[in-house]
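# Below is the sequence, then the predicted model.
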Amino acid sequence: IITLAIESSCDETSAAVLKNGREVLSNIVATQIDLHKKFGGVVPEVASRKHIENIDAVIQSALDEANITFNDIDVIGVTYGPGLVGALLVGLSNAKALSFALNKPLVGVNHIEGHICANFIEDKTLEPPFICLIVSGGHTHLVEVKDYGKYEILGRTRDDAAGEAFDKIARALKLGYPGGPIIDKLAKAGNKKAIDFPRVYLEEDSFDFSFSGLKSAVLNYLNGKKMKNEEIVVEDVAASFQEAVVEVLVNKSIKAAKVKGYDKIVLAGGVAANSGLREKLIDKCSENNISVKYPSLKLCTDNAAMIGCAAYYDYINGRISDLSLNAVPNLKLGQK
Ligand code: ATP
Ligand code: MG
Ligand code: FE
C-alpha cells in the first residue's frame with residue numbers, strides 16, 4: 001500500500017510517500033523558520049500564504065524522490081488538526097482535491113497522533129502498548145498508547161507546553177526562534193545546578209504538567225539580575241531551566257510507566273530532540289529497567305512521514321474520511 005501524506009499544520013510544508021505505513025520512500029519538508037524568525041514566532045497569515053506557494057512543488061518532489069506518479073498512490077493522508085486553521089486548510093484542500101481527482105480514499109490525521117507514529121517509522125519492530133511522552137511546540141501529553149490509534153491521556157499541561165516554555169525563555173534571553181535547539185546547545189556549556197528553579201509536580205497522583213510558574217521564575221531571575229546590574233550567565237540559565245523542565249518530564253513519565261505497569265517509554269514531538277531530556281530519560285529508565293525509544297531528529301519535528309504512518313494504520317483499520325472533512329484547529333487526541 002502506497003500512502004501519500006501531507007502536513008501543513010504550522011510552519012512546515014511537508015509531503016511524504018510511504019510503503020506499507022512504515023517504510024519512508026520520501027519525506028520532503030519545506031520549513032518557513034527563516035521567514036518567521038524576524039517576528040520571533042509563527043505569523044499565521046504569512047504561514048498560510050507560504051504553504052500555498054510551496055505545496056504543489058513539495059508534493060511533486062515527494063513523488064519524484066519516491067520514484068512514483070499520482071497513479072501509484074493508494075491512499076491519501078492529511079493533517080486536519082490541531083494547528084493553525086489557515087495553514088491546515090492548504091494541505092487539507094490539496095489532499096481532498098487529489099482524493100477526488102484520483103478517486104482514492106482520504107484519511108484525516110490528528111497531528112499529535114502523527115508525532116507518536118514517528119516512532120513506528122524509526123523502529124520497525126516497535127508495537128503498542130507503551131507509555132508515550134509527547135512534548136511539542138503546542139502540546140505536552142502523557143499518554144497510554146493501548147493499540148494503533150487507541151490512546152488514553154493520563155496527563156497534559158495545564159498552561160504552557162514544554163516547547164512553548166523553551167521558546168519563551170529563549171525569547172526573554174534574546175536568543176532567537178525557535179528557542180529549543182538554541183537552549184539545548186547553550187545548556188551543554190552551562191551548569192545545571194547554578195540556579196535552583198522550581199520543579200512543579202502538582203498533586204501527588206497527578207500526571208498533569210505546569211510550566212508557567214517556571215517561566216515566571218526564570219523571568220523574575222533575569223529581571224532581578226538586571227536591576228542589580230549583575231552579570232547573567234546565559235549558559236547557566238539555559239542549563240538550569242532545561243534541567244527543571246526535564247526532571248519533571250522524566251520523573252512523571254517513569255511514574256506513569258510504573259503505575260500503569262509498562263516497561264517501555266516512547267518520546268515524541270519537537271522537544272523529544274532535546275539532548276538533556278534524552279540523556280536523563282535513558283539514565284533514569286535504565287535504573288528502573290524501562291526501555292526508551294525516540295525518533296531521529298528529522299522525525300521529531302513536523303514532517304509528513306509521521307502523518308503517513310498514522311494514516312496507514314487508520315486506513316487498514318477502516319477509519320477513513322470523506323470529502324466533507326474540515327480543519328479542526330483545536331482537535332484533541334483520541335477524538336475523530
Ligand atoms: P504541535 O506539534 O504541538 O502542534 P509544533 O508542531 O509547532 O506544535 P513541533 O514541530 O513538534 O511543534 O516542535 C517544535 C518545538 O520543539 C518548538 O517549540 C521547539 O523549540 C522545540 N524543539 C525543537 N528542538 C528542540 C530541542 N533540541 N530542545 C528543546 N526543544 C526543542
Ligand atoms: Mg514547526
Ligand atoms: Fe508538531
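Everything's here; your move. Ligands and ions are numbered 1, 2, ... in the order given.
# Is the residue lying closest to residue 231 once chain neighbours are set aside in a helix, a strand, or coil?
Ranked by Cβ to Cβ, 6 or more residues apart in numbering and with sequence neighbours excluded, the top spatial neighbour of residue 231 is residue 225, at 7.5 Å. C-beta here means a position set from N, CA and C on the backbone, and glycine is covered the same way. Of the three states, residue 225 takes helix under DSSP: H, G, I helix; E, B strand; the rest coil.
# right, and residue 225 touches residue 234 too?
No. The pair residue 225 / residue 234 is not scored as a contact, 10.9 Å apart, by Cβ atoms under 8 Å.
# Mind checking which of the two has more residues around it?
Counted by other Cβ atoms under 10 Å, residue 225 and residue 234 do not tie: residue 234 has more neighbours, with 18 against 14.
# Double-check that residue 246 belongs to a strand.
No. Residue 246: not assigned to a strand; according to three-state DSSP it is helix.
# Tell me, how many residues neighbour residue 70?
13.
# Same question for residue 299.
Residues near residue 299, counting by other Cβ under 10 Å: 23.
# so it sits right up against residue 121, yeah?
Yes. Contact criterion Cβ under 8 Å: residue 299 and residue 121 qualify, at 6.2 Å.
# list residues touching both of these two?
Common contact partners of residue 299 and residue 121 (Cβ atoms under 8 Å, 6 or more residues apart in numbering): 305-306.
# How is residue 153 assigned, secondary-structure-wise?
Applying three-state DSSP: residue 153 is strand.
# Does it touch residue 141 like I think?
Yes. Applying Cβ under 8 Å, one finds residue 153 in contact with residue 141, separated by 5.8 Å.
# which residues touch stretch 226-235?
With contact meaning Cβ under 8 Å, 6+ apart, stretch 226-235 is reached by 173, 175, 186-187, 189-191, 194, 222, 225.
# show me the contacts for residue 173.
So residue 173 contacts 222, 234, 237-238 (Cβ under 8 Å, 6+ apart).
# The chain against ligand 1: which residues are in contact?
9-10, 82-83, 111, 115, 136-139, 163, 166-167, 178-181, 184, 269-271, 273-274, 301-302 (Cβ under 6 Å from any ligand atom).
# Now that we have the residues you listed, which of them are buried?
Using 16 or more other Cβ atoms under 10 Å as the burial test, the residues of the chain next to ligand 1 include 9-10, 82-83, 111, 115, 136-139, 163, 166-167, 178-181, 184, 269-271, 273-274, 301-302 as buried.
# Show me those that map onto helices.
111, 115, 163, 166-167, 179-181, 184 (DSSP state H).
# Which one of these is nearest to residue 157?
Using Cβ to Cβ, residue 163 comes nearest to residue 157 of these, at 10.3 Å.
# pLDDT score for the closest residue to that closest one other than its chain neighbours?
Closest residue in space to residue 163, ignoring its immediate chain neighbours: residue 137 at 4.0 Å, by Cβ to Cβ, 6+ apart. Looking at residue 137, its pLDDT is 95.
# hang on, the earlier thing: among the contacts of stretch 226-235, which lie within helices?
Short answer: the contacts of stretch 226-235 in helices (DSSP H) are 186-187, 222, 225.
# What is the regular element (helix or strand) spanning residue 79 packed up against?
Using DSSP states H and E, residue 79 falls within strand 75-81. Counting contacts by 3 or more Cβ pairs under 8 Å, 6 or more residues apart in numbering; DSSP states H and E, strand 75-81 packs against strand 2-7, helix 85-102, strand 106-110, helix 111-122, helix 304-316.
# Out of those, which is closest to ligand 3?
Ligand 3 lies closest to helix 111-122 among the helices and strands packed on strand 75-81, at 5.7 Å (Cβ to the ion).
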